[in-house]
Structure formats: structure tokens, C-alpha cells
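J.: return a 3D structure for these sequence lines:
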Amino acid sequence: MSSIKDYEDMAMLELTESERTMLMERYNAVTGGFAILDNYDTSGVEPLVTVLDIFNVLREDVPEKLISREELLKNAPEQHDGYFQVPATIE
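T.: This next block holds a predicted model:
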């Protein structure tokens, strides 16, 4: 089991002893709450992502050409070889 000091080091924090004590109490409360679940037999329970009985409700992803390149580029301030021309961002 990791200690609060290990987490403190990973997060590059410098906590006081009272802050460490308070965090340890909160950590123990959370992990203690989850420990209650160990009392239940879940061997026959299938893991769930959601409790809702839904499936993919998105439309079929079918590519379609909505606008021509010329139409798309006609309002571009600058273009080059059929592409948008933008200022360089990396020197």
C-alpha cells in the first residue's frame, strides 16, 4: 500500500504533517467504503459499462461529399495548391 508521502512525492507537493494526517483519514474513509463491497459475492455478475439497456444509437458512418474543394476554398484569404494557406506557427 502506498503512503500519503508517496503520493505527495509523485505530485511534487510539500504537505505539513497535519495535511498528511487529514488526507490519510480521507483516504482511509474512501478505501474503507469500498472494502464493504468485498462482503458481496459477485462471481456470477457480468461486468457492466452502463446499467442502461441501450445500444449504439448513432447513424451509420457513410462518407459523402458535401462540398467541393473549390467551393470550400473560395472564401479562404490565402490558398496554395488546393489547400488553405496559413501563417507558419513553428519556426
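J.: list the contacts of the closest residue in space to E78 that isn't next to it in sequence.
T.: The shortest distance from E78 to any residue that is not its chain neighbour, by CB to CB, 6 or more residues apart in numbering, is 3.8 Å, and that residue is Q85. Every C-beta, even on glycine, is put in place using the N, C-alpha and C of the backbone. If a contact means CB atoms under 8 Å, 6 or more residues apart in numbering, then Q85 has A76, P77, E78, Q79 as its contacts.
J.: measure the nearest residue to R20 once chain neighbours are set aside to T16 for me?
T.: Distances taken as CB to CB, 6+ apart put I4 closest to R20, at 4.9 Å, once the chain neighbours are dropped. Plainly put, I4 is 12 Å away from T16 if you go by CB to CB, to the nearest Å.
J.: out of these two, which sits in the busier spot?
T.: It is I4, of I4 and T16, that has more neighbours when counted by other CB atoms under 10 Å, with 18 against 8.
J.: isn't that one right next to R26, touching?
T.: No: with contact defined as CB atoms under 8 Å, I4 does not reach R26; the gap is 9.7 Å.
J.: any residues in contact with both of these two?
T.: Listed as contacting both I4 and R26 by CB under 8 Å, 6+ apart is no residue at all.
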